[in-house]
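> Kindly generate the corresponding structure for this input.
(chains A, B, C and D)
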Protein chains: 4
Amino acid sequence: MSTVNTTTAPHGYSLPLSPSGQASMITPPPWHFSGEVVMVDYRVDPDAAARFLPPGLSLGDDPGAAAAVFARWQWCSSDGAELASPRRSQFTEFLILLGCEHDGVPMARCPYAWVDSAVPMIRGWVQGMPKQLGEIHQTWPMGVGAAGPRPSEPGRYDGTLSVHGKEVAAATVSVRERVTRPPVLHTVPLVHTRMFPRWVPEEPPQEQLVSSVVTDVEFGEVWAGDADLSLFADARDDLASLAPVEIGSGYVFSYAETLHSGKLLGGRS
Amino acid sequence: MSTVNTTTAPHGYSLPLSPSGQASMITPPPWHFSGEVVMVDYRVDPDAAARFLPPGLSLGDDPGAAAAVFARWQWCSSDGAELASPRRSQFTEFLILLGCEHDGVPMARCPYAWVDSAVPMIRGWVQGMPKQLGEIHQTWPMGVGAAGPRPSEPGRYDGTLSVHGKEVAAATVSVRERVTRPPVLHTVPLVHTRMFPRWVPEEPPQEQLVSSVVTDVEFGEVWAGDADLSLFADARDDLASLAPVEIGSGYVFSYAETLHSGKLLGGRS
Amino acid sequence: MSTVNTTTAPHGYSLPLSPSGQASMITPPPWHFSGEVVMVDYRVDPDAAARFLPPGLSLGDDPGAAAAVFARWQWCSSDGAELASPRRSQFTEFLILLGCEHDGVPMARCPYAWVDSAVPMIRGWVQGMPKQLGEIHQTWPMGVGAAGPRPSEPGRYDGTLSVHGKEVAAATVSVRERVTRPPVLHTVPLVHTRMFPRWVPEEPPQEQLVSSVVTDVEFGEVWAGDADLSLFADARDDLASLAPVEIGSGYVFSYAETLHSGKLLGGRS
Amino acid sequence: MSTVNTTTAPHGYSLPLSPSGQASMITPPPWHFSGEVVMVDYRVDPDAAARFLPPGLSLGDDPGAAAAVFARWQWCSSDGAELASPRRSQFTEFLILLGCEHDGVPMARCPYAWVDSAVPMIRGWVQGMPKQLGEIHQTWPMGVGAAGPRPSEPGRYDGTLSVHGKEVAAATVSVRERVTRPPVLHTVPLVHTRMFPRWVPEEPPQEQLVSSVVTDVEFGEVWAGDADLSLFADARDDLASLAPVEIGSGYVFSYAETLHSGKLLGGRS
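Alright, predicted model coming up:
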């Protein structure tokens, strides 16, 4: 009996575990992502940024470099099955990124992230990316008509984030010209702290410094121009310490990657 | 006093009326729309279609011609102000269209429509378009990566409609080639029955046959191919009578128009 | 042919019209409502209130009397069919009420209203009630445990309204004792301006001053105490002119009514 | 410098980690829950139930015992702060429970669970409870009027679950009389498999059999009567194997508990 039970033990890449494994909320990696990005480079107080970096990471060459990133994504697993359900393969995202360095390698730290659906949220936690649920909207370029900018042309793009019914971030990017290089913080590896809250008292706390392993990175045309950015955090929130002290350029571009796994870094583990 | 009161009477294009008029939920026309459309031509039982046509409309030359239309829109009023808020200027839509004729002029009748936000819903009722709230999703073409078709290339597009937590429609369009003409039912005027439910017992019922007056119609590239379409209406619902008896081609295209007003037609008025 | 077509003309209490009439989004009245209310009496600048009153209404005996009302409702048509679907029979609502008078009869004017679903929104417009979509939450009394006040006991109730991802109203009511009378503005008839935006250029504008005809009004126990209220309207919005200049008592009570029709009042019609 | 950095390392009970720890999405336990429950006892094929039990659990004395549970909750942390925000302290839930046994102790296994907001979803994963996002609605008892049953009286309660825009479960409970005992599966400990998906290739898979430690359990009046239950799972889904083969009684009751931690059980760990 127990032998039989072992062979049929409920399993899966994630919860829910089930007899066939197909109930798993999350499909196993790799995951393919195709996205449209509206991004604003900005600067924060370097001391504030440093307080968000765990041991093992330092501010690097450009202390205070930061970015706000709005993106709308389509994603699929290796067999592409999710694409048949746009409701399930689409999501929107807002990130804050901080420039940092690990062992001399430039990286980006994501102290805050929001997405609009549950699967990418949990998938974020698997990686150590602190995704919460929010409502994210960004301008779509439109092929015809008066209601939106044209793709691959100068134009205005807006983005907003609301969380729990309150506005948290708003950005405007007015792209003027095509540039040859994507913004730096979208080209370096992300480094996360993978952790899972304690529940069983005797278990040790677990935190791992992990960078994301991606392949098949692809950028479309990168358009750049002026930008504006506001963060409406409550003054008591740690988020408020990452408000802009200076706003740089804005960017609009297509971006794709395939996300495979996490690579354990030295540091707090 | 009453003179003063008259000059300051609350007003607006729509409810809510307010002292300045700016509280109006709906801005006055014209309204500009830029959209991305996934559309399936199909055929219904001509008798069923006829039962959805009010006096003044007949089936015309192609009885039983129908279409299912998924669209995602950006819109703005004449000053374009809404574009600064993508949350408010974007919506998604699903329509059923039936081919018909008024006084020898080919038109399209929309017996059912759903959108995902309140402003376009009310704006539909202003026109006589029977918009309700639903959840509509359709595949986005993506510029890079593995998660979605490329714009202006062969590829697969899916669309779904859910209403009150139940799936109502699902379509798949696999476009193969660019064609020179858009699908007929997206090129003829829409004809609606403008009506407002009775509330004050003594008022007469009001129904007007009205066609929509649009300008600045623009089509992007039209791509066509095979299609599939399912309607999951409860068998007791009138919607079930409009289920496909034959499925035609599928189309993907960009479309824009400016919507100005309604034109009263002869008929039941 | 036309005879046949007449007998089968699509019909319904509201759009969508259909062969059987069952596609109508709105069922014909009467409609039964059972609700739980959290309400704050407050005062606005009487001049600001006057600017929201159409000809035919005056401020009455208590100029500047106002209320903010949070409610969660269950509703059904005369056959009660909707109750089998809690998803469709439940909604939440936030109203602002202004004290006023018509022909010496005390009434309440509702300059702004939000609900969280489409059917009550459209039903509001049928009556002339300016309902828009928002996200409304209010504390539930709970029968057991630490997470909420007990029904029919002193306790704290909070309410919030968010619209388009921004917070618009927040209230706190700390009830201390049962009182014998419900708050006045919840006991007088509502008076609305029934209007429908113009669409066909030649049609005359229509506005009717209409009071709501209700029966079977029922109040449960009324509990009262201290209150707080904030409106976060943009200073440029007309709504900002209705911000509290003084905050009165707060109330929590159950309330029911049956809504039948509108009664045309003299005035701007 | 590194000393300083250590003392200010970002921290928190959960992601997001931040300098003060207050950005944590999840507050540390204990968590207080007050709820209203609509529950249906039913039976599944015992072999199907067994296939959902991990090593360490067996079917116990009543193989095939199952329940479907709809609940609406208010919750707060130990300081009760969340209660000031009903938007954040309320959620709805649907569970399936299977009767089982560990070391001779009757327990309940939850193979599937859905909630309507993100914090209880992540909190479920912390415990090993496989919560996903869904839309859950259940009838509210109302104190007055025609639109709903009265609390503590015979009446009808309905519940529905939709996931990704499709209906997944629907139940009807018609309570007739007050009973002295709550349904068994709501009185035994829940036993979960706490696991976290693999991300760093070299880390070992982790699964722990954990029961939930609760105190301050409180039941209000328990009312019971007839019930109906449908699960609309796709036949290929593992969920379909847990469809009812027999439907028992339905129950309506208030329930509260305080949830503290997980207790590691022998078994697959």
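
> And the strands in chain A, which stretches?
For chain A, the strands defined by DSSP state E occupy A:31-43, A:65-77, A:90-102, A:105-115, A:131-133, A:135-138, A:155-163, A:166-179, A:190-195, A:207-231, A:246-264.

> From chain C, how far off is A:Asp79?
In this structure, A:Asp79 and chain C are separated by 34 Å, where distance is defined by CB to the nearest CB, to the nearest Å. For the C-beta atoms, the positions are set from N, CA and C on the backbone; glycine is no exception.

> How about the residues of the stretch 151-269 of chain A by chain C?
Within the stretch 151-269 of chain A, the positions lying close to chain C (CB under 8 Å from any CB of the partner chain) are A:160, A:162, A:165-167.

> Which one of the residues you listed is nearest to chain B?
Of all these, A:Thr160 has the smallest distance to chain B: 5.7 Å, by CB to the nearest CB.

> does that closest one have beta-bridge partners, and which?
Beta-bridge pairing for A:Thr160 (DSSP bridges): A:His137, A:Ala170.

> For chain D, give me its nearest residue in the stretch 101-250 of chain A.
Ranking the residues of the stretch 101-250 of chain A by distance to chain D (CB to the nearest CB) places A:Pro130 first, at 3.4 Å.

> Next up, the contacts around that residue.
With contacts defined as CB atoms under 8 Å, 6 or more residues apart in numbering or on different chains, A:Pro130 is in contact with A:110-113, A:124, A:192, D:15-17, D:23, D:25.

> quick one, what contacts the residue positioned nearest the centre of chain A?
For chain A, the residue sitting closest to the mean C-alpha position, by CA atoms, centre = their mean, is A:Leu95 at 5.2 Å. If you count contacts by CB under 8 Å, 6+ apart, A:Leu95 has them with A:67-69, A:71, A:110, A:112-113.

> if we can go back for a sec, what's the farthest-apart pair in the residues of the stretch 151-269 of chain A next to chain C?
Between all members of these, the longest pairwise span (CB to CB) is found for A:Thr160 and A:Gly165 and amounts to 13.0 Å.

> More neighbours: which of the two?
Residue environment comparison for A:Thr160 versus A:Gly165 gives the larger neighbour count to A:Thr160, 26 against 23, counting by other CB atoms under 10 Å in any protein chain shown.

> Now do the contacts for the nearest residue to A:Ser162 once chain neighbours are set aside.
Taking CB to CB, 6 or more residues apart in numbering or on different chains, and ignoring the residues beside it in sequence, A:Ser162 has C:Gly165 as its nearest neighbour in space, at 3.0 Å. With contact set as CB under 8 Å, 6+ apart, C:Gly165 has these partners: A:135, A:160, A:162, A:165-167, B:87.

> which of those has the most neighbours?
With neighbours taken as other CB under 10 Å, the top of those is A:Thr160, carrying 26 neighbours.

> follow-up on the earlier one: which of the contacts of A:Leu95 come close to chain D?
Near chain D, judged by CB under 8 Å from any CB, the entries from the contacts of A:Leu95 are A:112-113.

> Buried among the contacts of A:Leu95? Need that as a selection in PyMOL.
Typed into PyMOL, the line below selects the buried ones among these, using 16 or more other CB atoms under 10 Å in any protein chain shown:
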select buried, chain A and resi 67+68+69+71+110+112+113
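
> Which two among the contacts of A:Leu95 are spaced furthest apart?
Using CB to CB for every pair in the contacts of A:Leu95, the one that comes out farthest apart is A:Ala71 and A:Tyr112, at 14.3 Å.

> Can you say which of the contacts of A:Pro130 are buried?
Neighbour-count burial (16+ other CB under 10 Å) applied to the contacts of A:Pro130 gives A:110-113, A:124, A:192, D:15-17, D:23, D:25.

> What is the nearest of the residues you listed to B:Ser211?
Relative to B:Ser211, the closest of the buried ones among the contacts of A:Pro130 is A:Ala113; by CB to CB it sits at 48.1 Å.

> and that closest one, bridged to which residues?
For A:Ala113, the beta-bridge assignment (DSSP bridges) gives partners A:Leu95, A:Lys131.

> Poorly predicted segments of chain A, please.
With pLDDT under 70 as the threshold, chain A has low-confidence stretches at A:1-7, A:267-269.

> Now with 80, please.
Within chain A, the stretches with pLDDT under 80 are A:1-8, A:205, A:235, A:266-269.

> tell me the contacts of A:Gly220?
Taking CB under 8 Å, 6+ apart as the criterion, A:Gly220 is in contact with A:253-255, B:143-144.

> scratch that, A:His260 is what I was asking about
Contacts were defined as CB under 8 Å, 6+ apart; by that measure A:His260 touches A:29-30, A:213-215.

> neighbours around A:Asp61, how many?
Other residues lying near A:Asp61 total 10 when counted by other CB under 10 Å.

> Hmm, A:Val105 and it touching each other?
No. Assessed by CB atoms under 8 Å, A:Asp61 is found out of contact with A:Val105, at 11.2 Å.

> my read: A:Val44 touches A:Ala66, true?
Yes. The pair formed by A:Val44 and A:Ala66 meets the contact definition of CB under 8 Å, at 4.7 Å.

> Mind listing the shared neighbours of these two?
Counting by CB under 8 Å, 6+ apart, the residues touching both A:Val44 and A:Ala66 are A:98, A:242, A:244.

> out of those, which is most surrounded?
Neighbour-wise, these (other CB under 10 Å) top out at A:Leu98, 27 neighbours.

> Could you check how far it is from chain C?
Counting by CB to the nearest CB, the gap from A:Leu98 to chain C is 25 Å.

> Skipping its backbone neighbours, what lies nearest the residue in the stretch 51-200 of chain A positioned nearest to chain B in space?
Using CB to the nearest CB, A:Gly145 is the residue of the stretch 51-200 of chain A that sits closest to chain B, at 2.4 Å. Counting by CB to CB, 6+ apart, B:Ala256 is the residue found nearest to A:Gly145 once chain neighbours are left out, at 2.4 Å.

> got a list of what that neighbour touches?
With contacts taken as CB under 8 Å, 6+ apart, B:Ala256 has the following neighbours: A:142, A:144-147, B:32-35, B:216-218.

> would you turn those residues into CSV with distance to B:Asp226 and neighbour count?
As requested, the contacts of B:Ala256 are arranged in CSV below (distance: CB to CB, whole Å; neighbours: other CB atoms under 10 Å in any protein chain shown):
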residue, distance to B:Asp226, neighbour count
A:Met142, 26, 24
A:Val144, 25, 22
A:Gly145, 28, 24
A:Ala146, 33, 21
A:Ala147, 30, 26
B:His32, 33, 24
B:Phe33, 28, 26
B:Ser34, 27, 28
B:Gly35, 22, 27
B:Asp216, 32, 15
B:Val217, 27, 14
B:Glu218, 26, 14
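
> ok, now how distant is the residue nearest to the centre of chain A from chain C?
18 Å.

> what comes up buried for stretch A:148-157?
A:148-149, A:151, A:155-157.

> Dump that stretch to CSV, keeping only the CA atoms.
Coordinates of the C-alpha atoms in stretch A:148-157 are reproduced here as CSV (Å, rounded to 0.1, in the frame of the first residue of the first chain):
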residue,chain,number,x,y,z
GLY,A,148,-2.2,57.4,-29.2
PRO,A,149,1.4,57.7,-30.4
ARG,A,150,2.6,55.7,-33.5
PRO,A,151,5.0,52.8,-33.0
SER,A,152,8.6,53.8,-33.9
GLU,A,153,7.9,57.5,-33.9
PRO,A,154,8.2,60.4,-31.5
GLY,A,155,5.3,60.4,-29.1
ARG,A,156,4.1,60.6,-25.5
TYR,A,157,3.8,57.6,-23.2
